[in-house]
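> I'll drop the sequence and a predicted model, then ask my questions.
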Amino acid sequence: IADPVTIDGYTQSGALPNTSPQAFNGIVRVRLAGASAGTGANGLTLSGGNSTVRGLMITGFTQDGINVAAGADGVTIDRNWIGSAGTGTTGVGNAGVGNADDGIDIAAANATISNNVITNSGDEGINIVGSGVTAHVIQGNIIGLDPDGASGGGNSDVGIAIISGSGNLIGGLTAAARNVISMNWEGMEVNSAGNTIQGNFIGSDASGTLNRGNRVGDGIQLQGAAVGTVVGGSAAG
């Protein structure tokens, strides 16, 4: 997709967006199924900016569910199920070729990633890497669990990886901004400076009460270049 477009699967009869980020009452009726797409296929590749993709189920591609290429700034990805066909489904993740098999791979700037379910990927749930990958807002997502916010096997590697770029906001100071990042290999990996991580549930279910710890690694891993990272809020607790 090289031009600004809006793809809205919720215009399909019977589809229903969640009424709140963790309401779990959404119904997705439009599915991009990659089983016959062949090796090296992304579900969607956005090469132009200012597009919106919402209300899709994207499953079974051998590379990324959604690839936001360099230069595709200002993209909004909202209320999709990426790597899930609903609670309890397995084997439908986007995976298979090297490391290019993330739920969402972002190489542009100023993306808004909101209220998606991203799970069962062969690598990261969300991967941010490239030159100038700044100022993304990632809020209200369930990364590693099923649409019920409680079950599921997670992404094969990190829930959210910030390999490069600054000024990215993961979560926020309201319940609506909270990401649930659980049952992945590890929760988050940050390799660049000047990013903010606030208000998320990492290693629990969406209620914040059940153990859904990331499988092997850390909740949040800050690598040597991650100077000036903010984790949490400004007040105690």
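Here it is on my side, so go on. Residues are numbered from 1 along each chain as shown.

> doesn't V68 make contact with N42?
No - N42 is not in contact with V68 according to C-beta atoms under 8 Å; the separation is 10.1 Å. Glycine gets a C-beta too; all of them are placed from N, C-alpha and C.

> give me the more crowded residue out of the two.
Using other C-beta atoms under 10 Å as the criterion, N42 and V68 rank with V68 on top: 29 against 23.

> the nearest residue to the more buried one once chain neighbours are set aside pairs with what?
Excluding the flanking residues, the one nearest V68 by C-beta to C-beta, 6 or more residues apart in numbering is I106, at 4.6 Å. Counting by DSSP bridges, I106 is bridged to V68, I128.

> mind checking how far the residue nearest the centre of the chain is from D3?
By C-alpha atoms, centre = their mean, the mean C-alpha position of the chain lies nearest to I126, the distance being 4.4 Å. To D3, I126 is 24 Å away according to C-beta to C-beta, to the nearest Å.

> quick one on the thing from earlier: thought the residue nearest to V68 was touching G125?
No - at 11.5 Å, I106 does not count as touching G125 under the criterion of C-beta under 8 Å.

> let's test this: mean pLDDT of stretch 190-205, rounded?
Stretch 190-205 carries an average pLDDT of 97.

> flag every buried residue along it.
For stretch 190-205, burial by neighbour count (16 or more other C-beta atoms under 10 Å) applies to 190-192, 195-205.

> I figured V117 hits D78, correct?
No - counting by C-beta under 8 Å, V117 stays clear of D78, with 11.7 Å between them.

> who's more crowded, those two?
Each of V117 and D78 has its neighbours counted (other C-beta under 10 Å); V117 has more, 31 against 18.

> what pairs with that one across the strands?
Bridge pairing for V117 - DSSP bridges - gives W81, I142.

> state the distance from it to N191.
V117 is 25 Å from N191, by C-beta to C-beta.

> thinking again about what came up before, which of I106 and G125 has more residues huddled nearby?
Neighbours per residue (other C-beta under 10 Å) separate I106 from G125, with G125 holding more: 33 against 29.

> which ones are touching the more buried one?
G125 makes contact with 102-104, 118-119, 143-144, 155, 158-160, 181, 184, according to C-beta atoms under 8 Å, 6 or more residues apart in numbering.

> I'd like those laid out as JSON lines, including distance to A72.
Shown next, in JSON lines, are the contacts of G125 (distance: C-beta to C-beta, whole Å):
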{"residue": "D102", "distance to A72": "15"}
{"residue": "G103", "distance to A72": "16"}
{"residue": "I104", "distance to A72": "12"}
{"residue": "I118", "distance to A72": "18"}
{"residue": "T119", "distance to A72": "23"}
{"residue": "I143", "distance to A72": "21"}
{"residue": "G144", "distance to A72": "25"}
{"residue": "N155", "distance to A72": "22"}
{"residue": "V158", "distance to A72": "22"}
{"residue": "G159", "distance to A72": "22"}
{"residue": "I160", "distance to A72": "19"}
{"residue": "I181", "distance to A72": "24"}
{"residue": "N184", "distance to A72": "25"}
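
> so which of these comes closest to F24?
Nearest to F24, judged by C-beta to C-beta, of those is T119 at 14.0 Å.

> from G165, how far off is the closest one?
Look at T119 and G165: by C-beta to C-beta, they are 23 Å apart.

> that older thread, tell me the pLDDT at the residue nearest to V68?
On pLDDT, I106 comes in at 97.

> list the contacts of it.
If you count contacts by C-beta under 8 Å, 6+ apart, I106 has them with 68, 113, 126-130, 133, 136.

> what do you get for Q139?
Contacts for Q139 (C-beta under 8 Å, 6+ apart) come out as 21, 112-115, 169-172, 176-179.

> great, nothing more from me.
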